[in-house]
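Undergrad: From the sequence below, what's the structure:
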Amino acid sequence: MQLQWAVAVAAFLASAVEFVEAFTIVLVVGVTINWRSSLVGAFAAAATLALIVATLGVALVQFVPIEILRLVVGVILVLFGLKWLKKAILRYSGLKSLHDEEAIFEESRAELRSRGQDTTARIEPFGVAMSYKAVLLEGLEVAFIVITFGSSAVVTGASAAVKASQQSTGITSAAIGAAIAGILVIGLGALVRAPLKQVPENTLKFVVGVMLTSFGTFWAGEGLGVNWPLADAFILALAVIYLLASFIFVTWLKQVKQRVQVAASGPGVPATGDATAQAQDEVLK
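TA: Predicted coordinates for the structure are as follows:
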């Protein structure tokens, strides 16, 4: 039960990040063209994602052995988690600019207007397609997280029948977490009708990156036959390890950035954008 809750929370947080990004485009289409086109595209994408989760989730549960599934899923989740952690760490250290939903909104709206798109009462195919594409592309990561988290949420040592039941329950738990995130984001967005720039997206990505990497490490280890101490509770220990490592990296990168900026600008000269870019290049080498 505790593992299912952890899966639901992880799916909720990861999905919230993706839904915030998707909602920005849905909002652009709704404000610039009309809400009918925007919502038709969004709901069509949601139906497509539900179909993907249902078909692939069932296939994984029925045909893929749990040991192989955990190894593959674990490796992929580690890669996903490290990608999100990298972005969050670079943003916290000042080497990468924060994600600006309001700027994306204005840019997308200007692009629509440059194409001659304007407010209309009828359903506009281009608006439907744009909303559908945005929700589908962002939602594919949500679908992947739901399927992988849910299908791997199995207690070690359970029988084959119990494992199948736990996999189905895990997918359901992850899907519920993702659905709640989608409803909250859409509901909040519909109320304010503005980009959700107040959502701490970088913090969410940081937390989700730690969770994905921790779950991935745990499941990949189990797929390789590792017997973790404290069983599923060791996921929390892995999360603490990755969290501390991330804070160390942020602190180190800030120090590196300051040294490179001082060296590039010279004594008494303020740091420039070129110096910041040089600091980023130096760190990423």
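Undergrad: In contact with Leu243: list those residues for me.
TA: Contact analysis of Leu243 by C-beta atoms under 8 Å, 6 or more residues apart in numbering lists Val210. (C-beta placed from N, C-alpha, C; glycine too.)
Undergrad: What strand or helix carries it?
TA: Under the assignment given by DSSP states H and E, the secondary-structure element containing Leu243 is helix 234-265.
Undergrad: Show me the helices in the stretch 151-285 of the chain, by range?
TA: Taking DSSP state H, counting those that start in this stretch as the test, the helices found in the stretch 151-285 of the chain are 160-192, 201-223, 234-265, 273-284.
Undergrad: cool, and the stretch 1-150 of the chain?
TA: 2-32, 35-63, 66-92, 101-114, 125-152.
Undergrad: Give me the mean pLDDT for the fourth one.
TA: What helix 101-114 shows for mean pLDDT is 63.
Undergrad: Out of the helices of the stretch 1-150 of the chain, which gets nearest to Ser173?
TA: helix 2-32 (4.4 Å; C-beta to C-beta).
Undergrad: any idea of the mean pLDDT in that closest one?
TA: Taken as a whole, helix 2-32 has an average pLDDT of 76.
Undergrad: Check stretch 127-140 too.
TA: Model confidence over stretch 127-140, given as mean pLDDT, is 83.
Undergrad: Against Ala88, how distant is Ile123?
TA: Note on Ile123: its distance to Ala88, by C-beta to C-beta, to the nearest Å, is 38 Å.
Undergrad: Looking at those two, which one has more neighbours?
TA: Ala88 (23 against 15; other C-beta atoms under 10 Å).
Undergrad: can you pull the contacts of the spatially closest residue to that one that is not a sequence neighbour?
TA: Closest residue to Ala88 in three dimensions, ignoring its sequence neighbours and counting by C-beta to C-beta, 6 or more residues apart in numbering: Phe206, at 3.8 Å. Contacts for Phe206 were tallied using C-beta under 8 Å, 6+ apart; they are Trp84, Leu85, Ala88, Ile89, Tyr92, Ser246.
Undergrad: Repeat the analysis, applying 10 Å as the threshold.
TA: Going by C-beta atoms under 10 Å, 6 or more residues apart in numbering, Phe206 touches Trp84, Leu85, Lys87, Ala88, Ile89, Arg91, Tyr92, Pro200, Leu243, Ser246, Phe247, Val250.
Undergrad: any idea which of those is closest to Leu136?
TA: Trp84 (19.9 Å).
Undergrad: Show me what counts as buried in the helix holding Leu243.
TA: Along helix 234-265, the positions that meet the burial threshold by neighbour count (16 or more other C-beta atoms under 10 Å) are 234-235, 238-239, 242-243, 246, 249-250, 253, 256-257, 260-261, 264.
Undergrad: Next, count neighbours for Trp5.
TA: Residues near Trp5, counting by other C-beta under 10 Å, number 11.
Undergrad: Distance of it relative to Val240?
TA: As judged by C-beta to C-beta, Trp5 and Val240 stand 18 Å apart.
Undergrad: cool, and Trp252?
TA: Applying C-beta to C-beta, one obtains 19 Å for the distance of Trp252 from Val240.
Undergrad: Turn the helices of the stretch 1-150 of the chain into JSON lines, columns for distance to Ala178.
TA: Written out in JSON lines, the entries for these read as follows (distance: least, C-beta to C-beta, whole Å):
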{"stretch": "helix 2-32", "distance to Ala178": "4"}
{"stretch": "helix 35-63", "distance to Ala178": "9"}
{"stretch": "helix 66-92", "distance to Ala178": "15"}
{"stretch": "helix 101-114", "distance to Ala178": "20"}
{"stretch": "helix 125-152", "distance to Ala178": "5"}
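Undergrad: For Ile186, find the nearest of those helices.
TA: Each of the helices of the stretch 1-150 of the chain was scored for nearness to Ile186 using C-beta to C-beta, and the closest is helix 2-32 (6.5 Å).
Undergrad: Return the set of buried residues in that closest one.
TA: 3-4, 6-8, 10-32.
Undergrad: Check stretch 172-182 too.
TA: Under 16+ other C-beta under 10 Å, the buried positions of stretch 172-182 are Thr172, Ser173, Ala174, Ala175, Ile176, Gly177, Ala178, Ala179, Ala181, Gly182.
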